[in-house]
Structures are given as structure tokens and as C-alpha cells.
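Asker: structure, please.
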Amino acid sequence: MVTRTSGWKVVAAAASCAVLAACGSQVQPKDVINAWGGVAGNGQALTGGSGAPVAGIGGTLAPGGGSGGSGGGTGGAATQGIKPGSCAGFKNGPGMTNSTITIANVADLSGPVPGLFKSAQLAVTAYAAYFNSTSSICGRKLKVEGLDSATSESGDQQASSTACSSAFAMVGSMGAFDAGGADTVTQCGIPDIRAASTETARQRSSVSFGAYSLNVSEIPTAPFSYFKSLGDAYKHAAFVYLDAGASSLNARSFIAGEEKQGFNFIYKQAINVSGGLIPYDSYAQKMADAGVKYVQYIGAAAPYAQQLKAAIDNKSRSDSSFKPIFVMDPTAYDTHYTSAGSSVNGTYVFDAGPLFEEANRNPQLAAYLLWLQRTSGGAPTFFGTFAWSAAALFTQLAVQLGGKLSRSSMLAAVRKVHNFTNGNMVSPQDIAGKHTPRCLSVIQLVSGRWVRKTPYPYTCGSLVNSGVS
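Answerer: Now for the predicted structure:
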């Protein structure tokens, strides 16, 4: 199997996906909701498998809304369990009026890969509708200003500059080249609670924090302890990655971090994405000749991971001794990847986010699916999950601050958040510390369906410093 790459378009996809070692699943929300008895978008209650309404997210949400008045929050579903601060002394600041608080979402909407992170913007828009349906911040509703970073550093800088002048905060943003606006947001002091930061300059900004916290040099032990439990395959490992942008950096970090956990990589292969033919069959043959029993891949799932997995399967059919474990990050938890059919069965994925198929077990996840369906009909994604969670964190802190809400007080509050799960929707995130999450899930694609291999909701371990940054 030999395949030709498509140049810059691949580079952009690789840079955006592999920089975090995670791209999102695009399971249709209506398929998930209907699978366990729920009805989205028509005013009926979302229900669990038993038919009972899911607490706090019925068709019209939980009772207890209101305008907020002189109290900080409203007691609605979005702020359930959050103690509101007094609204006494509230002063309007940038992006604030007596009725609204504007939050900007900056995402890659145009560029080489149109709509690359549109799911993050759709998630924040959905969360704002969810919040506004029953809640407010001292009587003020959320207003979302959607901006396009155009998959470029200049686009990110321009969008960040616009947000600085027109919005109170940036919430749930996601861009492949977010270093562009790093200095801009730092200088203007706008709270920047992102879905995730992709470039080092943005991550290091004193005002930028990722709901999906990540440090490229920190490798979690939890998923790799699971893979080590499957036998001695980890002693005969291969690592294949797209040789583009941050994919290479992440690959080096994972290799070094996993070697410190006892993995032995006897074969390493960078896929050249600058053009030309990709000899997948040759890769598979070399891995078989080397005695590889474990293959890990980082990069775009479609078509590169699909074609690599197909080549491995083809070789396995002619060589019964070559049946390696195939491992990916959340890039594979995506209908684009699974659309390849039976050739991708058996793929393992490690994931710091939730499984959309398990939405009946988590009200916050179910709310995301329901309101996404209502507001856009879009598909839930990994980064959409964390954009939604970024919006949840912002509103929870804003409600708690009440009349003390300002850009500086919001930043001070974020800097105290070290264990954020958004109601166990996501694995524990050290947002203030900007550390890689220690808790993840391992799932496997079996006969076209994702099967959980580690206990619900997440399995925790420690972090290994790879020494790569």
C-alpha cells in the first residue's frame, strides 16, 4: 500500500491534532441520545436507559432559574451546587453591560482545513444557551462573540486583539497556531480560559489556561500501565508519527516518557508529509521483520492512521506471527477514523475525555449533547467537550465572584483551580498548574463499537517527565 500525501493541508491537520496528542470524536449527538431513550431539541425530557429523566437537564432544564437580581447566581442547572457571591458593588467593565457579559471564542474556522475547530465554538455557543436558559451572572446573560483565527498566527493575533477590546474574557478558544495572540492577551490582561493551548508561548502566558491542561514533557503512566498488563508487547514496540510540526515533538516526548516506564522501541518511523508516496506496506514489513508487537501512532487519523492500520492488517493475514497491539490517542475516537470499516477494528485509544456513548451516566455530558443538538445540530468532539467545560468553569467562577467580578479577580480565581472535573465530565485537570492530566480511560474498537477497557470513569496514575520540551 503506497499513498501520496497532500502537502500543507496535512501539515495543518497534523499540527493541530498531534500538538495535543488528541483530536475529537465526532459521534452524532442524536445517535447517542436516542440510543438510550432520550429526545433532544423538542422540549421533552432527556432520559436515561430506564426512562427516568436525567437530573438537572430535562427538556426545559431544572427549575430554579431567575434573573439573579442582587444575588450572585441563579440556582439554575448550570450553576447547581455553586454558592453565589453577593452582587453588591458590581461594576461593568470591558465587554459588560447591565444585561450582558460578552465572552469571545476564537477558533480556526477558515484556512487550509475549513472548520478545523468549529466544534469548540459550537460548544461554547451551546453552553451559553444552556446557561442563559435558567441562570445569569448578577442579572447578566452570556453573549458569545465568535471569532475566526483562520488557522494562522496572524489570524490568531488579530482575533485576540478584537477580543481584548470587545469582550470581558476569552472562553473555550482553540487554534492550531495560538502563539500568534499570546503576547496580545498577556498585555491586555484578558482572562483566556481555553479548550486547550497548542503552542508553548500561549501555554506560558500568565492569562491563558486550558480546560484540557497539558504539558508536552509530562507523560501519564495510567494508559501505559494498562498496555503493559497485556503481556510483553511493550518490550517490542514501534512508534510511527507524522513528521510535521508538533507531531514530531510529541512523538519524541512519548517515546522518552514511555521508555522511562519500561517500553522498548525497536522501530521508529516518521511519515514525510511534504509530498510523495508513503510506503505503508514497507513500514508493516519492517515492523514484522523486527518482531514488533506494539505499534503506537500520533498524527491525523484519516487517512494516515487508517492506511497504516490497514497495511498492518494486510501483513498480519500473510504472517500469523505479526499481530501487534495498535494504539492511538483520541484522534481515533472519531467517525472519520472508524469509517474505514473492519480494518481499524482492534484499535486501542487512551482518552482524558468522556465517552459520548456513556452520556446517561453523567448529567453534564448529557447536557452538552442535548444543547449542542438544540443550538446547531453539530457533532460532539473531544475539544468541544473541553470548550464546554471551559465555559462551565468561567460561569462557575463568575457566579461565585458576584459583585467582585473583574478581569483581575477572574484570573486570580482561575489560578486557584487545581482539580477541575466539571462534574466528572472530564478527568481531573490541574488548570492553574498547567500539568498533563494523570487520569485517563483506555477503550478499544471491537466490531465497530467502542468498548471500555478500564474502569469508569477514569483510571489514575502518575506523570513521567520525558525531558523533551
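Asker: pLDDT below threshold where in this structure?
Answerer: Across the chain, the ranges flagged by pLDDT under 70 are 1-75, 245.
Asker: can you give me the helices in it?
Answerer: 8-18, 29-35, 118-134, 153-166, 182-188, 200-204, 222-228, 246-259, 280-290, 306-318, 335-338, 363-375, 382-401, 407-414 (DSSP state H).
Asker: okay, those helices, which one's buried deepest?
Answerer: helix 382-401 (a mean of 28; mean count of other CB atoms under 10 Å). For every residue, glycine as well, the C-beta is placed using N, CA and C.
Asker: now the angle between helix 407-414 and that one, please.
Answerer: 110 degrees (axes from the mean of the first three to the mean of the last three CA atoms, to 10 degrees).
Asker: and the helices of the chain: which comes nearest residue 237?
Answerer: Residue 237 lies closest to helix 246-259 among those, at 7.6 Å (CB to CB).
Asker: so how far is that closest one from its chain's centroid?
Answerer: The chain centre lies 19 Å from the centre of helix 246-259; the measure is CA atoms, centre = their mean, to the nearest Å.
Asker: likewise stretch 199-210?
Answerer: With CA atoms, centre = their mean as the basis, stretch 199-210 stands 16 Å off its chain's centre.
Asker: repeat that for stretch 230-249.
Answerer: Using CA atoms, centre = their mean, the offset of stretch 230-249 from its chain centre is 21 Å.
Asker: now swap in stretch 277-293 and tell me
Answerer: The answer for stretch 277-293 is 31 Å, by CA atoms, centre = their mean.
Asker: mind listing residues that contact it?
Answerer: Residues from elsewhere that reach stretch 277-293, judged by CB atoms under 8 Å, 6 or more residues apart in numbering: 1-5, 231-233, 235-238, 240, 266-267, 269, 271-272, 295, 304, 307-308, 310-312, 314-315, 319, 321-322, 324-325.
Asker: now distance to residue 346 too, for the helices of the chain, in CSV please.
Answerer: Listed next are these as CSV, based on distance: least, CB to CB, whole Å:
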stretch, distance to residue 346
helix 8-18, 21
helix 29-35, 22
helix 118-134, 27
helix 153-166, 38
helix 182-188, 40
helix 200-204, 34
helix 222-228, 13
helix 246-259, 20
helix 280-290, 15
helix 306-318, 8
helix 335-338, 12
helix 363-375, 26
helix 382-401, 21
helix 407-414, 41
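Asker: among the ones you listed, which comes closest to residue 434?
Answerer: Nearest to residue 434, of all the helices of the chain, is helix 200-204, at 6.2 Å by CB to CB.
Asker: out of the helices of the chain, which is closest to residue 356?
Answerer: helix 29-35 (4.9 Å).
Asker: which of the contacts of stretch 277-293 are buried?
Answerer: Applying 16 or more other CB atoms under 10 Å to the contacts of stretch 277-293, the neighbour count classes 3, 5, 233, 236-238, 240, 267, 269, 271, 295, 304, 307-308, 310-312, 315, 322, 324-325 as buried.
Asker: any idea how far the residue nearest the centre of the chain is from residue 247?
Answerer: Here the mean C-alpha position of the chain is nearest to the C-alpha of residue 383 (CA atoms, centre = their mean), at a distance of 3.0 Å. According to CB to CB, to the nearest Å, residue 383 and residue 247 sit 17 Å apart.
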